[in-house]
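**Student:** any chance you can model this:
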Amino acid sequence: MIQVTLITIGTLKEAYWRDAVAEYEKRLSSFCKPEILQLKEYKLPENPSESQIQAALAEEAKRILAAIPPRSYKIALCVEGEQFSSEALAKKLESTFSQNGSLCLIIGSSYGLSPEVKRACDLRLSVSKLTFPHQMMRVLLLEAIYRCFGILKGTKYHK
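**Tutor:** Reported below is the predicted structural model:
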């Protein structure tokens, strides 16, 4: 079964986000083996300097890179990433599943991902030109992946 790992920085504080993520984990388990790794967010002061932000991103990068499953196709979520339709993303994932068998999606902190993490990834993905809270992005990304599986398996979910 295909392994799909979501690496995120920080935790979900509100129950409604945790419930939504749990629902998509349950739905995805029909198609793959989902795993969500929540890594600790680097603590920054209220108004951090650029050097403090870069230090935080570097520290988070170490944790992220250590958590990536071996031989997985790695996707970094970032604003400069490529945008896909649901159908195009499904086709992209289908080819990666046949080659890798494992997918790892990475959502950084509110300051994004370090250049090191982005370079280590096979694809940079942007879900939208709009900005969303990181908690919501987890749900959106899980929904997008679930929709991709639905497209690939020919279910009625994607209309």
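**Student:** other residues contacting the biggest helix by length in the chain?
**Tutor:** Counting residues, the longest helix in the chain under DSSP state H turns out to be helix 134-153. By C-beta atoms under 8 Å, 6 or more residues apart in numbering, the list of residues contacting helix 134-153 from outside reads 4, 6, 8-10, 12-14, 17, 20-21, 24-25, 27-28, 30-32, 34, 36, 77, 86-87, 89-90, 93-94, 103, 105, 107, 109-110, 127, 132, 156-158. (C-beta placed from N, C-alpha, C; glycine too.)
**Student:** compute the inter-axis angle for the strand ranked longest in the chain and helix 134-153.
**Tutor:** Across the chain, the strand with the greatest residue count (assigned by DSSP state E) is strand 73-82. If you take axes from the mean of the first three to the mean of the last three C-alpha atoms, to 10 degrees, strand 73-82 sits at 110 degrees to helix 134-153.
**Student:** so what's L44 up against?
**Tutor:** Contacts of L44 by C-beta under 8 Å, 6+ apart are Q52, I53, A56.
**Student:** return the members of the residues you listed classed as buried.
**Tutor:** I53, A56 (16 or more other C-beta atoms under 10 Å).
**Student:** nearest to P45 among the contacts of L44?
**Tutor:** Q52 (6.9 Å; C-beta to C-beta).
**Student:** check which helix or strand that closest one maps to.
**Tutor:** helix 50-67 (DSSP states H and E).
**Student:** next one: that helix to chain centre, how far?
**Tutor:** Centre-to-centre, helix 50-67 and its host chain are 17 Å apart (C-alpha atoms, centre = their mean, to the nearest Å).
**Student:** equivalent analysis for stretch 51-68, please.
**Tutor:** 16 Å.
**Student:** for my notes, confirm I106 occurs in a helix.
**Tutor:** No - per DSSP: H, G, I helix; E, B strand; the rest coil, I106 lies outside any helix segment and is strand.
**Student:** bridging residues for it?
**Tutor:** Taking DSSP bridges as the rule, I106 bridges to I7, A76.
**Student:** residues contacting the helix holding Q52, please?
**Tutor:** 7, 9, 37, 39-42, 44-45, 48, 106, 108-109, 111-114, 116-117, 120.
**Student:** weed out the non-buried ones from these.
**Tutor:** Judged by 16+ other C-beta under 10 Å, buried ones among those: 7, 9, 37, 39, 41-42, 106, 108-109, 111-114, 117, 120.
**Student:** what distance do you get for A90 to L142?
**Tutor:** 15 Å (C-beta to C-beta, to the nearest Å).
**Student:** alright, calling it a day.
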